[in-house]
Every structure is written in structure tokens, then in C-alpha cells.
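Novice: Kindly return the folded structure for what I paste below:
(one chain, ligands or ions: 1)
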Amino acid sequence: MPSGAPLRSVVMEPELHPDLKPLEFLLGTWEGAGVGDYPTIDAFNFGQEISFTHNGKPFLIYSSRTWLIEEDGSLGRPLGTETGYWRPQPGNQVEVTLAHPTGIVEIYVGNVAFHRVELQTDVVARTSSAKEVTAGRRLYGLMPEKDGKRDLGWVYEMAAMGQPLQAHLSAQLKKID
Ligand code: HEM
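Specialist: Prediction:
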């Protein structure tokens, strides 16, 4: 083992696993802003950075961080963060596992077609201290081309706190690498 250098710097750049082709459009780091709301809370604006990477295996490694956008436009306190894996399956199906620091774990199933992924929760598991979240739906997709580039848009609907499934978040992100 070499000493002094991070392991990842001595590992060869992996080739994209062929099963990841339909999800390849997600790869990279994306940044932008969004809006959030729910019947039980005040509406808010947030900044977001998400990243999709791979290591040559047939899944994407995903993480998201968000921050409150204050009235004056500056970035404020950290809001939700989540991390997980996107696992393409035969027949344009996809499975996603997501873990949240709020004591919630979501398992989504869905499909991918034409630069668009639609997901709905199969399971939401919660620790005893977690808020009551029972279901979620997510949509991720490339927006129409503008100046030769396509933003990534996504929306999240949840059923939580006794409320029926409805919008909690939406955001539009630009690719930054
Ligand atoms: C990742 C981006 C997210 C952002 C920016 C965000 C932001 C917020 C904010 C600002 C609040 C108001 C309370 C507070 O200030 O903390 C809130 C409440 C809440 N969020 Fe999110 N959230 C995110 C993701 C999620 C996800 C993925 C879930 C479910 C798995 C979730 C479930 C909830 C619930 C249950 C509440 C509490 C509602 C209540 O107390 O009445 N959020 N969120």
C-alpha cells in the first residue's frame, strides 16, 4: 500500500458500468436553488448541491446538501442532507436507497426514460424519534436546452405529519463540472 496519498488517487479511473447508461445524464456535480413548503411549516428558499459519481459498479453514488437562502439572498443554516445509491434494473426500472440524518430511510422504486426518472417510495422506515413521514414521490429530469446546456430539475412530494402526499420541495440545478 502506498503511504501518504489518498487511496482514491492511486485507483484507476473506473469505466462506466454499461447498466448505468440510462442514468449517465445524472453524473456530475449540480448546484442551484429551490423552494420548499408544506401545510405545517412556513415556505422557504434553499440552495442545493448534489453529486452523482460512480466507481465502475452498477450503481450511482448520490449525495445532497442544502442551505437556507436568507431574505437578502445570502446562504444561511444548513437544511436537509441525504445520501444514497441509485441502482438501475432491467426494463428501465431503478431502485434508490436514501438515508437521512433525521432518522428516516427511504427506499424508492421507479423508472427511467428520456432523461427523466420517476420514483415512488416502496418503504419509509423511521427511528422512534423521527417525524412522521409515510410516503414520497420524486421526479428528476433534464430541462429543455438553454445556451447549449440543460439544467437538472427535481421535485419532491411527501405524505407526512398526517397530511396527504403533496409538494415539499422543488429545485433547478446547473452542472458545475
Ligand atoms: C433535502 C432537502 C430538504 C430541505 C431543504 C428541507 C427543508 C425543510 C425545512 C426548512 C423545514 C421546516 C422546519 C425546519 O426549519 O427544519 C422542513 C420540515 C420538514 N421536512 Fe424537510 N427538507 C428537505 C428534505 C426532506 C425530506 C427528504 C423529508 C422526508 C423524508 C422531509 C421531511 C420533513 C418533515 C416531516 C418536516 C416537518 C414538518 C413539520 O414539523 O410539521 N424533508 N423541511
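Novice: how about the nearest residue to the spatially most central residue of the chain, chain neighbours excluded?
Specialist: If you average the C-alpha coordinates of the chain and look for the closest C-alpha using C-alpha atoms, centre = their mean, you land on Ser64, 5.8 Å from that point. The spatially closest residue to Ser64, leaving aside those adjacent along the chain, is Ile50, at 4.3 Å (C-beta to C-beta, 6 or more residues apart in numbering). Glycine gets a C-beta too; all of them are placed from N, C-alpha and C.
Novice: on that earlier part again, where does the residue nearest to the centre of the chain land in three-state SS?
Specialist: Going by DSSP: H, G, I helix; E, B strand; the rest coil, the secondary structure assigned to Ser64 is strand.
Novice: got the phi/psi numbers for the residue nearest to Ser64?
Specialist: Main-chain torsions, Ile50, degrees, to the nearest 10: phi -120, psi 150.
Novice: And Leu7, by the same measure?
Specialist: Here Leu7 shows phi and psi, under degrees, to the nearest 10, equal to phi -50, psi -40.
Novice: From Lys57, how far out is it?
Specialist: To Lys57, Leu7 is 16 Å away according to C-beta to C-beta, to the nearest Å.
Novice: The residue nearest to Ser64 against Gly28, yeah?
Specialist: No - under the criterion of C-beta atoms under 8 Å, Ile50 is not in contact with Gly28, lying 9.3 Å apart.
Novice: the more surrounded of those two?
Specialist: Taking neighbours as other C-beta atoms under 10 Å, Ile50 and Gly28 compare with Ile50 leading, 21 against 14.
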